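> coords please:
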Amino acid sequence: MNRSDPTALAADTAAAPTLAQPGLQSNPAMPDHDQQLVAAAVTKRFGGLTALDNVSLSLRPGEIHGLIGPNGSGKTTMLNLLSGYYEPTAGAIRYLGEELGKATVQRRAALGIARTFQKPRLLGALTVLDNAMLGAWTHSRAGFVATLFGLRSVAASDRALRDEAAELLHGVGLGHAINRRANLLEHAEQRFLEIARGLALRPGFILLDEPAGGLTAAEIEHLGGLLRTIRDAGIGVLLVEHHTDFVFRVCDRVTTLDVGRMIKHGTPDQVRTDPEVIRIYLGA
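Residues are numbered from 1 along each chain as shown. Sure, this is the predicted structure:
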């Protein structure tokens, strides 16, 4: 991306991505509880260190939920618990009527829980399109034998996934880079590629770990528009982020953590004006 042109990422967004998820209404006022991704009274200990202490969080489809707090407050620990990289020491994690405390990362992806990372994890030698397609692995019909013999159904399925991934890349602003190797992308482009890869999973929820980190003001604005598009398609978003102004601007609800405990949950205005949040985190 040409850093002298802050609109470079947005240049390809004329073709909006197909994000609508079957069975989800756009911005439901109160979705069925089974459709929520719930962490109930979760505690996580690492030896003698308690990273999270009896924290509850309910993520709703069609909503952007912000998770903020100082370094070491437990934000990434919560994200890792929800996505399956950690098991809770106590408490429960539930989605679609299933208890997920011991479920693998792969099982949660199959259920429709996608995530990104603080440092993008891409396969640099592959193209942007191939990286995006990796997110759709749960929808691939290709098995070893079918691939070996080049069955027509596999070829048709591969084309459909490739077309869908290309559409998503145009939607996030990477249509100009589809055939570029991923290790040649600028930092912001890598972040948006990770989001496209997550959306290729056709998720019910996408968990974003500091997606605005290292972005310019124009790129953050582009990210905000993309998150609203994802939300309006009925997908739930968990936004773990240090840019509090951005969080308060785009989120529907916000939860604040400090030293592993929840100190405030509510609307952006309720959290932003809370005296304890101001004292501990906002520093005003």
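> Pull out the buried residues from the helix or strand hosting residue 39.
Element membership for residue 39, per DSSP states H and E: strand 37-46. Neighbour counts over strand 37-46 (16 or more other CB atoms under 10 Å) mark 37-40, 42-44 as buried. For glycine as for every other residue, the C-beta is placed from the backbone atoms N, C-alpha and C.
> Next, the angle from the helix or strand just after it to strand 37-46.
Remark: after strand 37-46, the chain's next helix or strand is strand 49-59, criterion DSSP H and E. Relative orientation of strand 49-59 and strand 37-46, computed by axes from the mean of the first three to the mean of the last three CA atoms, to 10 degrees: 180 degrees.
> centre of the chain versus strand 49-59, how much separation?
19 Å (CA atoms, centre = their mean, to the nearest Å).
> Please apply the same query to stretch 60-77.
Taking mean C-alpha positions (CA atoms, centre = their mean), stretch 60-77 and its chain are 11 Å apart.
> Now it: buried residues?
Buried residues in stretch 60-77, counting neighbours by 16+ other CB under 10 Å, are found at 60-69, 73-77.
> quick check, nearest of these to residue 255?
Among the buried residues of stretch 60-77, residue 67 lies closest to residue 255 (CB to CB), at 5.3 Å.
> Next up, the contacts around the nearest residue to the closest one once chain neighbours are set aside.
Nearest non-adjacent residue to residue 67, counting by CB to CB, 6 or more residues apart in numbering: residue 240, 4.8 Å away. Contacts of residue 240 were listed using CB atoms under 8 Å, 6 or more residues apart in numbering, and they are 67-68, 75-76, 78-79, 207-210.
> Strands - which of these land there?
Of those, the ones assigned to strands by DSSP state E are 67-68, 207-209.
> which one of those residues sits closest to residue 245?
For these, the minimum distance to residue 245 (CB to CB) is 10.9 Å, reached by residue 68.
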